[in-house]
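Visitor: return a 3D structure for these sequence lines:
(one chain, ligands or ions: 2)
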Amino acid sequence: MENIKKIIHIDMDAFFAAVEIRDNPEYRGKPLIVGGPPNSRGVVSTCSYEARKYGIHSAMPAFEAYRLCPHSIFVPGRYQVYAEVSLQIRQIFYEYTDLVEPVSIDEAYLDVTENKKNIPSATQIAKEIKQKIYDNTKLTASAGVSYNKFLAKIASEMDKPDGLVVITPNKAGEVLENLPIGKFHGIGKASEKKMIRLGIRTGKDLKERSLGELIKHFGKVGSFYYNIVRGIDDRKVTVNRIRKSLGHERTFAKDIDNVEEMIEILKKLVEKISSKMIEKKFKAKTLTLKIKYSNFDVVSRSKTLNEVFDKEEILFVMARKLLLETLGPKCKVRLLGLSVSNLVWENDERNNQQLLSFFRETELAVGDVE
Ligand code: TTP
Ligand code: MG
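Guide: Numbering: from 1, shown residues only. Ligands and ions are numbered 1, 2, ... in the order given. Modelled structure (predicted):
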C-alpha cells in the first residue's frame with residue numbers, strides 16, 4: 001500500500017481563448033478563435049467552448065473554421081501573455097511540490113505523494129490549486145487526481161471545464177471499461193482506427209484482448225495498451241531540469257602546491273567548459289572556482305561580468321585571476337574545479353525557461369502551413 005502514489009494532472013480550460021476572454025469581456029459567450037486569420041493559410045490554435053459546438057478544434061485550418069461558423073471572432077495569439085500565465089500557475093504548483101512535470105504551456109503533472117504542506121489528501125491539494133489559479137489569474141483549470149499519470153490525465157478531461165475528478169483504485173476499473181478507445185491518452189489516431197477495425201471500441205473491449213494479441217497487432221506498444229486498460233502505469237513524474245550551471249573538476253592523484261601546475265589544470269578545465277558552451281550554444285556571466293585543500297577545506301570564489309562570455313581565452317584569464325586571488329601561500333591543493341553559471345542561451349527562448357520552448361512549439365502548431 002505504501003507505494004501508492006498521489007498524482008495530480010492540471011490542464012487549463014480553453015487556455016488561449018480563456019485568456020483572451022478574460023482580457024476582452026465582450027468576447028464572453030461567443031465563438032472565439034485564437035489563430036487564423038480566416039482568409040489565411042493559418043490554423044486554429046484553440047477556440048472557446050462556444051466555437052467547439054460548431055465542430056471547430058485546434059489545428060483545424062482557419063478557413064475551415066470560418067466555413068463552420070462565419071460569425072466567429074478571430075483573434076491572433078498573444079504568446080507572451082500566455083507564457084506569463086503559464087509561469088504564474090507553475091509557481092502555484094511549486095508551493096506544494098517540486099515534483100512538477102510540465103507537459104505543455106497549460107498542463108502539468110504533480111506528484112504530491114509527499115508535499116511541502118504535508119496535506120494528506122491529494123484532492124484537497126487539487127482544490128486549493130484550482131482556487132489559487134482562479135484567484136491569481138481569473139482563469140479556470142481542470143484537475144484530475146489519481147494514483148498514476150495515465151489515470152490523472154483521464155480524470156482531468158472527464159469534467160472540463162473547471163472540473164475536479166478523482167479516480168480511486170476501486171473506481172479505476174469501471175471508468176476505464178466505459179471509456180471510448182479514442183479517449184485513452186497514448187492511443188494515437190492510427191491505433192484508434194485499427195482498434196475500431198478489430199472491434200475494440202471501449203476499454204472493456206480492449207481488456208478482453210490478450211497481451212499476445214495486442215503485441216501481434218501493435219508491436220511493443222501493445223503491452224502499454226494492455227497495462228493502461230488495467231490502470232497500470234509506472235511512469236514517474238519527472239522534472240525537466242533546466243541547466244543552471246556547467247562545471248568540471250579534477251582531483252589529483254597527489255596534492256599539488258605548484259601554482260604553474262594548477263594553472264595548467266585550469267587551462268584544461270577551461271577548454272572543456274568552453275567547447276561545451278560553444279557546442280550547446282550558450283554563454284555565461286559568472287565563473288566560479290572551487291579549491292579543495294589537502295586538509296579538505298573547500299573555498300569557492302566567483303567572478304561575474306557584465307558581458308556574457310564563452311571564449312576559452314576569457315575564461316582562462318578569469319580562472320587564473322580567481323586562483324591567484326584565492327590561493328593562500330604554501331597551500332597544498334587536492335582538487336580544482338571550475339563552473340559557469342548565469343547562463344544565457346543563444347536562442348532566446350531557452351532563457352525564459354523551457355516554457356518558452358513549449359510556447360514555440362505551440363507557435364509552430366499555429367504557424368502558417370508551408
Ligand atoms: P489544450 O490544453 O490542448 O487545449 P485548451 O486548453 O485550449 O482546451 P481544453 O479546455 O480542451 O484543455 O492546449 C493548450 C493551448 O495550447 C491551447 O489553448 C492553444 C495551444 N495549442 C495550439 O496552439 N495548437 C494545438 O494544436 C493545440 C492542441 C494547442
Ligand atoms: Mg488546456
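Visitor: just confirm residue 5 is within a helix.
Guide: No - for residue 5, which was evaluated using DSSP: H, G, I helix; E, B strand; the rest coil, the result is coil, with no helix membership.
Visitor: skipping adjacent residues, who's closest to it in space?
Guide: Distance criterion CB to CB, 6 or more residues apart in numbering; nearest residue to residue 5, sequence neighbours excluded, is residue 113 at 4.8 Å. Just so you know, the C-beta spots here come from the backbone N, C-alpha and C atoms, and that holds for glycine as well.
Visitor: swap in residue 319?
Guide: The shortest distance from residue 319 to any residue other than its chain neighbours is 4.5 Å, reached at residue 266 (CB to CB, 6+ apart).
Visitor: so which bits of the helix or strand where residue 126 lies are buried?
Guide: Assignment of secondary structure by DSSP states H and E places residue 126 within helix 122-137. Going by neighbour count (16 or more other CB atoms under 10 Å), the buried part of helix 122-137 is 122, 123, 125, 126, 129, 130, 132, 133, 137.
Visitor: which of those lies closest to ligand 2?
Guide: Closest approach to ligand 2 among the buried residues of helix 122-137 (CB to the ion): residue 133, at 12.1 Å.
Visitor: just how off-centre is stretch 189-203 within its chain?
Guide: 30 Å (CA atoms, centre = their mean, to the nearest Å).
Visitor: now do that stretch, average pLDDT.
Guide: Per-residue pLDDT values across stretch 189-203 average out to 94.
Visitor: quick check: which ranges of the stretch 101-250 of the chain have low pLDDT?
Guide: Counting by pLDDT under 70, the stretch 101-250 of the chain has low-confidence residues at 240-243.
Visitor: how about the helices in it?
Guide: 122-137, 149-157, 169-178, 189-197, 203-207, 211-218, 221-228 (DSSP state H, counting those that start in this stretch).
Visitor: now the second one against helix 122-137, angle please.
Guide: If I follow you right, that is helix 149-157. Using axes from the mean of the first three to the mean of the last three CA atoms, to 10 degrees, the interaxial angle of helix 149-157 with respect to helix 122-137 works out to 50 degrees.
Visitor: in helix 149-157, what's buried?
Guide: The neighbour-count check on helix 149-157 (16+ other CB under 10 Å) flags 149, 150, 151, 152, 153, 154, 155, 156, 157 as buried.
Visitor: against which helices or strands is the helix or strand containing residue 255 packed?
Guide: Per DSSP H and E, residue 255 falls inside strand 245-256. When contacts are defined as 3 or more CB pairs under 8 Å, 6 or more residues apart in numbering; DSSP states H and E, strand 245-256 packs onto helix 259-280, strand 282-293, strand 333-345.
Visitor: would a markdown table of those with mean pLDDT and mean neighbour count be doable?
Guide: Written out in a markdown table, the entries for the helices and strands packed on strand 245-256 read as follows (pLDDT from 0 to 100; neighbours: other CB atoms under 10 Å):
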| stretch | mean pLDDT | mean neighbour count |
| --- | --- | --- |
| helix 259-280 | 94 | 16 |
| strand 282-293 | 94 | 20 |
| strand 333-345 | 91 | 19 |
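Visitor: can you put the ones you listed in a markdown table and add distance to residue 38?
Guide: Output for these, formatted as a markdown table (distance: least, CB to CB, whole Å):
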| stretch | distance to residue 38 |
| --- | --- |
| helix 259-280 | 41 |
| strand 282-293 | 40 |
| strand 333-345 | 36 |
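Visitor: closest to ligand 1 out of the ones you listed?
Guide: Each of these was checked against ligand 1 via CB to the nearest ligand atom, and the shortest separation belongs to strand 333-345, namely 22.7 Å.
Visitor: report whether the helix holding residue 126 contacts ligand 2.
Guide: No - remark: helix 122-137 sits outside contact range of ligand 2, by CB under 5 Å from the ion, the gap being at least 12.1 Å.
Visitor: what packs against that helix?
Guide: In terms of contact count using 3+ CB pairs under 8 Å, 6+ apart, helix 122-137 is assigned the packing partners strand 7-12, helix 79-96, strand 141-146, strand 164-166.
Visitor: can you rerun that using 6 Å?
Guide: Taking 3 or more CB pairs under 6 Å, 6 or more residues apart in numbering; DSSP states H and E as contact, the helices and strands that helix 122-137 lies on are helix 79-96, strand 141-146.
Visitor: just the ones you listed: most buried one?
Guide: Among these, the stretch with the highest mean neighbour count (mean count of other CB atoms under 10 Å) is strand 141-146, at a mean of 27.
Visitor: ok, the buried residues of helix 149-157 vs residue 31, which is closest?
Guide: residue 157 (21.6 Å; CB to CB).
Visitor: gap between the closest one and residue 188?
Guide: Between residue 157 and residue 188 the distance is 16 Å, computed by CB to CB, to the nearest Å.
Visitor: again, but for residue 238
Guide: Looking at residue 238 against residue 188, where the rule is CB to CB, the gap reads 22 Å.
Visitor: equivalent analysis for residue 133, please.
Guide: Here the distance between residue 133 and residue 188 works out to 30 Å (CB to CB).
Visitor: over to residue 261?
Guide: Relative to residue 188, residue 261 is positioned 59 Å away (CB to CB).
Visitor: and residue 75, how many neighbours?
Guide: Summarising burial for residue 75: neighbours were counted as other CB atoms under 10 Å, giving 19.
Visitor: how much space between it and residue 326?
Guide: Counting by CB to CB, the gap between residue 75 and residue 326 amounts to 57 Å.
Visitor: same check, this time on residue 105
Guide: To residue 326, residue 105 is 44 Å away according to CB to CB.
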